[in-house]
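Asker: Have a look at this prediction, sequence included:
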Amino acid sequence: NAGVTQTPKFRILKIGQSMTLQCTQDMNHNYMYWYRQDPGMGLKLIYYSVGAGITDKGEVPNGYNVSRSTTEDFPLRLELAAPSQTSVYFCASSEGSKEKLFFGSGTQLSVL
Amino acid sequence: GNSVTQMEGPVTLSEEAFLTINCTYTATGYPSLFWYVQYPGEGLQLLLKATKADDKGSNKGFEATYRKETTSFHLEKGSVQVSDSAVYFCALFTNAGKSTFGDGTTLTVKP
């Protein structure tokens, strides 16, 4: 089983560029999440989705957008990248709202 | 809003020492509580969970009890090993799908 797959693993962006972080899961989970982890800190929820076609903001949504057109995919879009978005990004999925999270391996993003 | 406060690290212990990492929370409603572990260069993995008051989660010798009266979910292990060196995160999840993580506690176990 692949579980949760994130791409790319590393990326360097220039200020003002845009990119999409891809996330796909093969466990038929309804819930999917995007987190960012800054050095020495815990995870901050950016956006989450409770099913296809439904998304909602987390703690730190500014500068990001998401879509959920299928159960499997939950891409995260960065528009006009800023240095403050330098972080490690994790995608995760779960069967339910209080169930175990399955994490992707992370994307290390640097905005210079 | 919801919040999770973890004991600040880093924590350094000798092998076979007793471990406690404190975690307290504030939340509306009845959240589920989790401990996740992150080994160097990896994503987070579930260590244990508890879904209601007085539940005890346990795994790999670690345990934590959901204490509603003190709003705590402290992580304990009786005898740590070098392989337990990692960052430990306390987290709460609500019915609405939102989650809140603590800032993490780095544990280093020396032989």
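Answerer: Sure, I can see it.

Asker: and B:Q45, what does it touch?
Answerer: The neighbours of B:Q45, taking CB atoms under 8 Å, 6 or more residues apart in numbering or on different chains as the test, are A:F103, B:Y36, B:V37, B:Q38, B:Y39. The way it works is simple: take the backbone N, C-alpha and C, and place the C-beta from them, glycine included.

Asker: Tell me which helix or strand the most centrally placed residue in chain A sits in.
Answerer: Computing the C-alpha centroid of chain A and ranking residues by CA atoms, centre = their mean puts A:W34 first, at 3.0 Å. When secondary structure is defined using DSSP states H and E, the element that contains A:W34 is strand A:31-37.

Asker: Using PDB, list the CA coordinates for that strand.
Answerer: Written as PDB, here are the backbone C-alpha positions of strand A:31-37 (Å, rounded to 0.1, in the frame of the first residue of the first chain):
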ATOM      1  CA  TYR A  31     -10.600  13.400   5.800                       C
ATOM      2  CA  MET A  32      -7.400  15.000   4.500                       C
ATOM      3  CA  TYR A  33      -5.200  17.700   5.900                       C
ATOM      4  CA  TRP A  34      -2.300  20.000   5.100                       C
ATOM      5  CA  TYR A  35       0.000  21.100   7.900                       C
ATOM      6  CA  ARG A  36       3.200  23.100   8.000                       C
ATOM      7  CA  GLN A  37       6.000  22.600  10.500                       C
END
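
Asker: now that strand: mean pLDDT?
Answerer: The pLDDT scores in strand A:31-37 average 95.

Asker: quick revisit: any chance of a ChimeraX selection covering the buried ones in the contacts of B:Q45?
Answerer: Buried residues among those (16 or more other CB atoms under 10 Å in any protein chain shown), as a ChimeraX selection:
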select /A:103 /B:36,37,38
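
Asker: Start and end of stretch B:85-100, how far apart?
Answerer: Taking CA to CA, to the nearest Å, the first and last residues of stretch B:85-100 lie 23 Å apart.

Asker: Give me the distance between A:E72 and A:M27.
Answerer: 9 Å (CB to CB, to the nearest Å).

Asker: which of these two has more neighbours?
Answerer: In this comparison of A:E72 against A:M27, neighbours counted by other CB atoms under 10 Å in any protein chain shown, the higher total goes to A:E72 at 17 against 14.

Asker: Is it correct that that one is in contact with A:C23?
Answerer: No. Here A:E72 does not reach A:C23: they are 9.2 Å apart, not a contact under CB atoms under 8 Å.

Asker: Backbone dihedrals for the spatially closest residue to B:Y30 that is not a sequence neighbour, please?
Answerer: Of all residues beyond its chain neighbours, the one nearest B:Y30 is B:K52 (6.8 Å), with distances taken as CB to CB, 6 or more residues apart in numbering or on different chains. The main-chain torsion angles of B:K52 are listed as degrees, to the nearest 10 and equal phi -150, psi 170.
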